[in-house]
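**Student:** what's the 3D shape of this:
(2 chains)
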Amino acid sequence: MAKTTDLAKSGIIDMAPVDPIASGSSRINIGETERYISVGGGALLTTVGLKTGGFGGLMLTALGGYLVYRGATGYCAVSHSLNRDTSEEKTETDVLEISKSLTINKPRAEVYAFWRKLENLPKFMQHLESVTEHDNKRSHWVAKVSTGNKIARALPAVEWDAEIVEEDENSRIVWRSVPGATVDNSGEVRFVDAPGNRGTEVHATIKYRAPEGIVGEAVLKLLNPALKQMVKEDIRRFKRLLEAGEIPTLEGQPSGREKEGEAFYKKQPTQHKEYEGVVL
Amino acid sequence: MKALCYNGKYDLRVERVPDPEILNPRDAIIKVSKTAVCGSDLHLINGYIPTMKEGDIIGHEFMGEVVETGKGVTNLKKGDRVSVAATISCGHCNYCSTGSYSLCDNSNPNAFMPEKIMGDSPAAIFGYTHSFGGYAGGHAEYVRVPFADVGMFKVDERLTDEQAVFLGDAFPTGFMGADMAGIQPGDTVAVWGCGGVGQMAIQSAFLLGAERVIAIDREPSRLETARRVGRAETLDFSKVDVLEALREMTGGRGPDRCIDCVGLEAVDDSAQYYYDKAKQFLGLEIDRAIVLRQAIMACRKGGTVSILGVYAGFVDSVPMGAAMNKGLTFKMGQLHAQKYIPRLMEYVANGQADTSFLATHSLSLEEGMKGYDMFNKRTDDVMRVVFTP
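**Tutor:** From the prediction side, this is the model:
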């Protein structure tokens, strides 16, 4: 049997955040057959679109992407607005869970305070566009869905409301999305003093509910490693922002890959093969 | 601006690339006045360390003049003449706060890459592989220095550019080798490799109280420099059996402290060398640990093996039984440049140490490939080539 990396389930770490409520994407309004067709057709369009390139290609890619999303999640915003429902039975789906811990060389109160001000989260969670706090408990979250092109922006925005369901000052925050979210999710973050004045241990767990049906679950499980890496990088950025005051970046630095003109010199001839000491 | 770019194995070209810009508050831009080659660059251009990309600007030993600072850099200003640490470190994580700058948690934007290979990410290094951050390096007219408030040091007016340029890597690396060795008064220290780092390790060993330093290489000019500048005794490994010679020179005890300034591209004429080369060729081994093996066998019981030479992957046939039963201490690592630079600058300024002799050749940046080619082949008694962009 393969070793588990799911430490929460294995009992190595003791985390018991609330499960996300089933709603939104885990609510299905498209039948199984229609979903397979949607995924297959969408994938084809996406591939053709990427190969075609240009504005037309972009249109095809965007449309294909939406069909894949619609098929995979089993939820179609258009069908929903038309009160159309081609799905058969409703069951609750699996909850997927991602945990990540890091130690931050800052006092616990400071680390907690930065996270508790939820509007700070998009500063280090790359997939978040914004978080707006309505009051002490309720907040509105908007995810980044597009790289800024018009077609992608025409797609339904991925956004949801969340509420803080448990909170211990300077040590623990538990939240979950309220019914109606695009992807039902919940999470817990704990703040623990690291031994020997090494700062604060941050233990974060994110849970999300796979959309109903075989396709939805399969797709999310395939995406799970990528999502796990995303959560890991988010926590790492949190640490970097707090410790270094900024997140290191390479975006915008020069390289020979973005040439302004011709290479100053063509490949320069060398006779390195004569030197047996270094080259294989 | 002009920059020396990696274009594949043993292929460097000077190209016109966009000027660097301030990207983060703690960035600074410096106009490079001098930038030097380093042995670890050879590992990159000879294709031993993975994750280089075509178009990467290389070079991690450089100095220059500050032309712009981000709003987070308040300890240095435009016009300052600075030496820059080769390793990029945030200055505030647990490692940086305890002086282990090359273990910085935060400077490597590609931390996930080394984590897969090593379990953790070390600090980023200028002009190195993408696994070590992928930052554009100093073989260019201008360079962006991230975390500049921690990584840049205003150069003392008493130092020349030829002295100051080696404060970024060669001197702190050599010094760290001697520091890690835990030298006690009266110790005999053996130094493998008499390139720039080895030469500085020799001087540093004496600064830290060594009574004798025995330097090992095969290049006559480098051995001559070790004797003349470093006051070391020397061994030519192509002419004598190093293990036997070290035993004899130390009354049968072996050197107290052994410093490996060679690393993964070690050469000699033993059967083990050809075995290593064959394994490297077949992709079964990345590093040739010839010097490491020799240091373990040579070191006296209870002594220290200090490793500065770069190792990238897996080594073969390391005599762990000898190391364990002889009770050796191993210390190793990339340089904690920021920890040592102020102290070393003072040594050079007051004449206790010198670095300028390392700069045997001065070339323009356009002659970059030529400079690396001669450095790689050790032609014309080259120690280090310094480029003036």
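**Student:** from the stretch 201-350 of chain B, which residue is nearest to chain A?
**Tutor:** Nearest to chain A in the stretch 201-350 of chain B, going by CB to the nearest CB, is B:Val267, at a distance of 4.5 Å. (Each C-beta comes from the backbone N, C-alpha and C, glycine too.)
**Student:** burial count for that residue?
**Tutor:** By the criterion of other CB atoms under 10 Å in any protein chain shown, B:Val267 has 18 neighbours.
**Student:** name the helix or strand for B:Tyr347, please.
**Tutor:** helix B:337-349 (DSSP states H and E).
**Student:** is any part of the worst-scoring helix or strand of chain B on mean pLDDT close to chain A?
**Tutor:** When each helix and strand of chain B is scored by mean pLDDT, DSSP states H and E, helix B:271-281 comes last, with a mean of 79. Yes: between helix B:271-281 and chain A, judged by CB under 8 Å from any CB of the partner chain, the touching residues are B:277, B:280-281.
**Student:** which one among those residues gets closest to B:Ala86?
**Tutor:** B:Gln280 (25.8 Å; CB to CB).
**Student:** B:Asn106 versus the closest one, what's the distance?
**Tutor:** 34 Å (CB to CB, to the nearest Å).
**Student:** repeat for B:Ala226
**Tutor:** 38 Å.
**Student:** repeat that for A:Lys232.
**Tutor:** A:Lys232 is 15 Å from B:Asn106, by CB to CB.
**Student:** of these two, give the one with the bigger neighbour count.
**Tutor:** B:Asn106 (31 against 19).
**Student:** which outside residues touch the least confident helix or strand of chain B?
**Tutor:** A:280, B:266-267, B:285-286, B:288-290, B:293, B:316-317 (CB atoms under 8 Å, 6 or more residues apart in numbering or on different chains).
**Student:** same thing with stretch A:232-247?
**Tutor:** Under CB under 8 Å, 6+ apart, the answer for stretch A:232-247 is A:100-106, A:110-111, A:114-115, A:123-127, A:202, A:204, A:248, B:24-26, B:72, B:90-93, B:105-107, B:111-112, B:147.
**Student:** check contacts around A:Val192.
**Tutor:** By CB under 8 Å, 6+ apart, the neighbours of A:Val192 are A:108, A:171, A:200-201, A:203.
**Student:** helix or strand right after the least confident helix or strand of chain B?
**Tutor:** Trace forward from helix B:271-281 with DSSP H and E and the next one is helix B:290-298.
**Student:** who are the packing partners of that next one?
**Tutor:** For helix B:290-298, the elements it packs on are strand B:188-192, helix B:242-249, strand B:257-260, helix B:271-281, strand B:304-307, helix B:320-325, judged by 3 or more CB pairs under 8 Å, 6 or more residues apart in numbering or on different chains; DSSP states H and E.
**Student:** now render the ones you listed as CSV, adding mean neighbour count.
**Tutor:** Below are these laid out as CSV (neighbours: other CB atoms under 10 Å in any protein chain shown):
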stretch, mean neighbour count
strand B:188-192, 30
helix B:242-249, 16
strand B:257-260, 31
helix B:271-281, 15
strand B:304-307, 25
helix B:320-325, 12
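**Student:** lowest mean pLDDT across the ones you listed, which one is that?
**Tutor:** Per-stretch mean pLDDT for the helices and strands packed on helix B:290-298 is lowest at helix B:271-281 (a mean of 79).
**Student:** got the angle between that one and helix B:290-298?
**Tutor:** Angle of helix B:271-281 versus helix B:290-298, following axes from the mean of the first three to the mean of the last three CA atoms, to 10 degrees, is 140 degrees.
**Student:** is chain A contacted by stretch B:14-34?
**Tutor:** Yes: shown here: stretch B:14-34 in contact with chain A (CB under 8 Å from any CB) through B:14-21, B:23-26.
**Student:** avg pLDDT for that stretch?
**Tutor:** 96.
**Student:** cool, stretch B:88-107 as well?
**Tutor:** Here the average pLDDT along stretch B:88-107 is 97.
**Student:** which ones among the contacts of stretch A:232-247 lie within strands?
**Tutor:** A:100-104, A:202, A:204 (DSSP state E).
**Student:** mind checking which of the residues of stretch B:14-34 next to chain A are buried?
**Tutor:** Among the residues of stretch B:14-34 next to chain A, those scoring as buried are B:14-17, B:20, B:23-24, B:26 (criterion: 16 or more other CB atoms under 10 Å in any protein chain shown).
**Student:** quick one: the helices in the stretch 101-250 of chain B?
**Tutor:** Assigned by DSSP state H, counting those that start in this stretch, the stretch 101-250 of chain B shows helices spanning B:112-118, B:148-151, B:161-164, B:170-180, B:196-207, B:220-228, B:242-249.
**Student:** pLDDT below threshold where in the stretch 51-200 of chain B?
**Tutor:** Counting by pLDDT under 70, not a single residue of the stretch 51-200 of chain B qualifies.
**Student:** and the residue of it nearest chain A?
**Tutor:** Closest point on the stretch 51-200 of chain B to chain A, by CB to the nearest CB, is B:Gly55, at 3.4 Å.
**Student:** do you know how far that residue is from B:Asn94?
**Tutor:** 35 Å.
**Student:** for B:Tyr372, same thing?
**Tutor:** Per CB to CB, B:Tyr372 is found 37 Å from B:Asn94.
**Student:** who has more neighbours, these two?
**Tutor:** Shown here are B:Tyr372 and B:Asn94; by other CB under 10 Å, B:Tyr372 has more neighbours (26 against 19).
**Student:** which residues of the stretch 101-250 of chain A fall in helices?
**Tutor:** Under DSSP H, counting those that start in this stretch, the stretch 101-250 of chain A gives helices at A:108-116, A:150-154, A:214-244.
**Student:** in terms of mean pLDDT, which of these ranks lowest?
**Tutor:** Across these, the lowest-scoring stretch is helix A:150-154, with a mean of 55.
**Student:** tell me which residues touch A:Phe124, please.
**Tutor:** With CB under 8 Å, 6+ apart, A:Phe124 has these contacts: A:234, A:237-238, A:240-241, A:247.
**Student:** for those residues, give me JSON lines that also has neighbour count.
**Tutor:** Formatted as JSON lines, the contacts of A:Phe124 follow (neighbours: other CB under 10 Å):
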{"residue": "A:Asp234", "neighbour count": "18"}
{"residue": "A:Arg237", "neighbour count": "18"}
{"residue": "A:Phe238", "neighbour count": "24"}
{"residue": "A:Arg240", "neighbour count": "25"}
{"residue": "A:Leu241", "neighbour count": "17"}
{"residue": "A:Ile247", "neighbour count": "17"}
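**Student:** buried sites along stretch B:106-122?
**Tutor:** B:106-111, B:113-114, B:121-122.
**Student:** dump the residues you listed into TSV; add distance to B:Gln334 as well.
**Tutor:** Formatted as TSV, those follow (distance: CB to CB, whole Å):
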residue	distance to B:Gln334
B:Asn106	16
B:Ser107	12
B:Asn108	12
B:Pro109	17
B:Asn110	16
B:Ala111	15
B:Met113	16
B:Pro114	12
B:Ser121	12
B:Pro122	6
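**Student:** look at B:His60 and say how many residues are nearby.
**Tutor:** B:His60 is flanked by 27 other residues according to other CB under 10 Å.
**Student:** thinking it is in contact with B:Ala86, fair?
**Tutor:** Yes: with contact defined as CB atoms under 8 Å, B:His60 reaches B:Ala86; the gap is 4.1 Å.
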